[in-house]
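Chemist: the following block contains a protein sequence and its predicted model.
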Amino acid sequence: MTERPERQWAIDLQRTLDALVAADDVLGGVVATEDGLVLATRLPVGLDGEALAAAAAAAGSFAERALAGANWGDLEIVALEATKLKLIVCPLSVGYLLTVAEPDADLRPLVPQIAGAARDLNRTSTPFVGAPEGAGAL
């Protein structure tokens, strides 16, 4: 018996987040829509998935608008550094991937892993593309 497309897509999202979170210095990950709604999370206790999804959408959409307005190309990654953590945002076909890293994490080795996770997520076909409004919701 094969999985329904929605279920397989959710499984693929979780597997990709699990692999990303297994990387050194990564605390968690969120897949968010362009509107900042949570599609999937893999977070430790104490981190708010809804707040992080909203932050991913805000940072991603701001960066995309700024780059487009200056004609500097497409967004590849945005990194925000705070005293308690680092947030790394990558655009996806469904919205954004936000990775939460330790505050002292070296982003140089993490960025290729995060970009690879984003590529994997973009290869995963979403059951929502081209679906009638309201169809296929999780």
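Modeler: On my side now, so go ahead. Residues are numbered from 1 along each chain as shown.

Chemist: where in this protein is pLDDT low?
Modeler: The chain contains residues with pLDDT under 70 at 1-5, 125-138.

Chemist: most centrally placed residue in it?
Modeler: Most central in the chain under C-alpha atoms, centre = their mean is L97, positioned 1.0 Å from the mean C-alpha point.

Chemist: how about the helices in the chain?
Modeler: Here the chain has its helices, by DSSP state H, at 5-21, 49-70, 107-123.

Chemist: got JSON lines for the ones you listed, with distance to R42 too?
Modeler: C-betas here are computed from N, CA, C, even on glycine. Below are the helices of the chain laid out as JSON lines (distance: least, C-beta to C-beta, whole Å):
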{"stretch": "helix 5-21", "distance to R42": "4"}
{"stretch": "helix 49-70", "distance to R42": "9"}
{"stretch": "helix 107-123", "distance to R42": "11"}
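
Chemist: among the ones you listed, which is nearest A101?
Modeler: Set against A101 and scored by C-beta to C-beta, those come closest in helix 107-123, at 6.2 Å.

Chemist: just the C-alpha atoms of the closest one, please, in CSV.
Modeler: Only the C-alpha atoms of helix 107-123 are listed here, as CSV (Å, rounded to 0.1, in the frame of the first residue of the first chain):
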residue,chain,number,x,y,z
LEU,A,107,28.1,29.0,9.9
ARG,A,108,30.7,28.2,7.2
PRO,A,109,30.3,24.4,7.5
LEU,A,110,26.6,24.7,8.2
VAL,A,111,25.6,26.7,5.2
PRO,A,112,26.3,23.9,2.7
GLN,A,113,24.3,21.5,4.8
ILE,A,114,21.4,23.9,5.1
ALA,A,115,21.4,24.6,1.4
GLY,A,116,21.4,20.9,0.7
ALA,A,117,18.4,20.4,3.0
ALA,A,118,16.6,23.2,1.1
ARG,A,119,17.4,21.5,-2.2
ASP,A,120,16.0,18.2,-0.8
LEU,A,121,12.9,20.0,0.3
ASN,A,122,12.4,21.6,-3.1
ARG,A,123,12.8,18.3,-4.8
